[in-house]
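Participant: Sequence unavailable; structure follows:
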């Protein structure tokens, strides 16, 4: 779930995962329309339409902003020491009274000052955080989660049951307060579990999930302390 390349997100899957994270765990953003800075809230992305919505806080004077559909705008937001920005194109403007909705196309790249794609939540040892999967031998078993994020997760396995790096598995992710979430994941790495020689951590990236399941996961992560 970390990125060793330049400080840009350019892969489509990474951009979508980040937009889910931004909507659930950041929420507020500034949209720059020329010299005008417009505060508002980010919505969950729509992967089918490749758009997300931005809802302004208060009234926006579009005459001053002089913006129309098809124009390019800049978004900026932050979480702690992490900052993010991207350019994108306005797809549609509606509800132009006290609260304006801007439908915005997915950006081609997101700039960030931290290598990690999204915030990672350490949940190891907390009750209710696990996944179920037929990891090996066709037997569905339960595995404890180590950490989880909008882009992927890590879980704990015995050294005697290590899966192959590069393979894909289907899982149901269980988090307190929500229904099981169906995901398909690519196994990206296997690394030591600190202080435990009998078990390993399996790091995975989400590769396939229904938008409603991605939204449910993002909402659950947004409620974590």
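Facilitator: Looks like it arrived, so ask away. Everything numeric in this text was worked out from a predicted model, so none of it was measured.
Participant: and the spatially closest residue to residue 181 that is not a sequence neighbour, what is it in contact with?
Facilitator: Leaving aside its chain neighbours, residue 181 sits nearest to residue 173 (4.5 Å; criterion: CB to CB, 6 or more residues apart in numbering). From N, CA and C alone the C-beta is placed, and that goes for glycine too. Residues counted as contacts of residue 173 (CB atoms under 8 Å, 6 or more residues apart in numbering) are 131, 145, 148, 153, 180-183, 217.
Participant: Please flag which of the residues you listed sit within strands.
Facilitator: Judged by DSSP state E, strands contain the following of the contacts of residue 173: 131, 145, 148, 153, 181-183.
Participant: Export the residues you listed as a markdown table, with columns for neighbour count, distance to residue 125 and pLDDT.
Facilitator: Shown next, in a markdown table, are the ones in strands among the contacts of residue 173 (neighbours: other CB atoms under 10 Å; distance: CB to CB, whole Å; pLDDT from 0 to 100):
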| residue | neighbour count | distance to residue 125 | pLDDT |
| --- | --- | --- | --- |
| 131 | 24 | 15 | 95 |
| 145 | 22 | 10 | 96 |
| 148 | 24 | 13 | 94 |
| 153 | 26 | 15 | 95 |
| 181 | 20 | 21 | 92 |
| 182 | 14 | 25 | 92 |
| 183 | 23 | 22 | 91 |
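Participant: and the longest helix anywhere in the chain, which residues are buried?
Facilitator: As assigned by DSSP state H, the longest helix anywhere in the chain is helix 211-222. Neighbour counts over helix 211-222 (16 or more other CB atoms under 10 Å) mark 213-222 as buried.
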